[in-house]
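Trainee: turn this into a model:
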Amino acid sequence: TQQIIAHEPGVTDTVDPLGGSHYLEWLTDQLEEQAYEYFRRIEDMGGVRKAVEDGFLVGEIADEAERFQHELDNKERITVGVTEYVTDEEIKIPLLEIDADGERHHLQRLNHTRAERDNQKVSEALDKLRQAAKGDDNMMPSILNAVKTYATLGEMMQVLKDEWGEFQASWF
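Mentor: Prediction:
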């Protein structure tokens, strides 16, 4: 923890980082200023939707991922446990294992829900979601309506996939 605090946010770049917290306030102000400048850039492009449609946000993510990896590879960025203070000790990470009984129980509940719900209402709700996906309106009311009819996440996602297709990363 001490190494993370010392290296990753840069708080040791000042003599007394917590003395009156002026440095932390300055860091916060810098972050806020950069965030607002970024928001202004996106608004100047025509908003988030336009930025997504034009591939700007995907490009930004790809560029940042490449820059970040370059900094890690060249040890220009200290990341505790990755580029510095790495141990040879293997850390055992517990993995969530789903047993067959749990899976079977979940599928029984899903099948029961599908059998008991009003499938006509589900179909109508999914149609409304499809119409909302075709337009520019807020889709949240249609999503909530579909949830209230017990439409599954998979069913709702299929509607959206049918309308919009699947995301394909353009940088690969």
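
Trainee: from now on I want contacts and neighbour counts done on CA atoms only, so please keep to that.
Mentor: Fine.

Trainee: ok, now which ones touch Pro141?
Mentor: Residues near Pro141 by C-alpha atoms under 8 Å, 6 or more residues apart in numbering: none.

Trainee: distance check, the residue positioned nearest the centre of the chain against Val82.
Mentor: In the chain, the centroid-proximal residue (C-alpha atoms, centre = their mean) is Ile61; its distance is 11.5 Å. From Ile61 across to Val82, the span is 21 Å (C-alpha to C-alpha, to the nearest Å).

Trainee: next: Glu89.
Mentor: 13 Å.

Trainee: which of those two has more neighbours?
Mentor: Using other C-alpha atoms under 10 Å, the more surrounded residue of Glu89 and Val82 is Val82, with 13 against 6.

Trainee: please report phi then psi for that one.
Mentor: Dihedral pair for Val82: phi -120, psi -60, per degrees, to the nearest 10.

Trainee: quick one, domains of the chain?
Mentor: 2-73, 116-163 (automatic domain parsing).

Trainee: looking at those, which has the lowest confidence?
Mentor: Mean pLDDT is lowest for domain 2-73 among the domains of the chain, at a mean of 85.

Trainee: of the domains of the chain, flag the one that's most buried.
Mentor: Mean neighbours per residue, mean count of other C-alpha atoms under 10 Å, is largest over the domains of the chain for domain 116-163, with a mean of 16.
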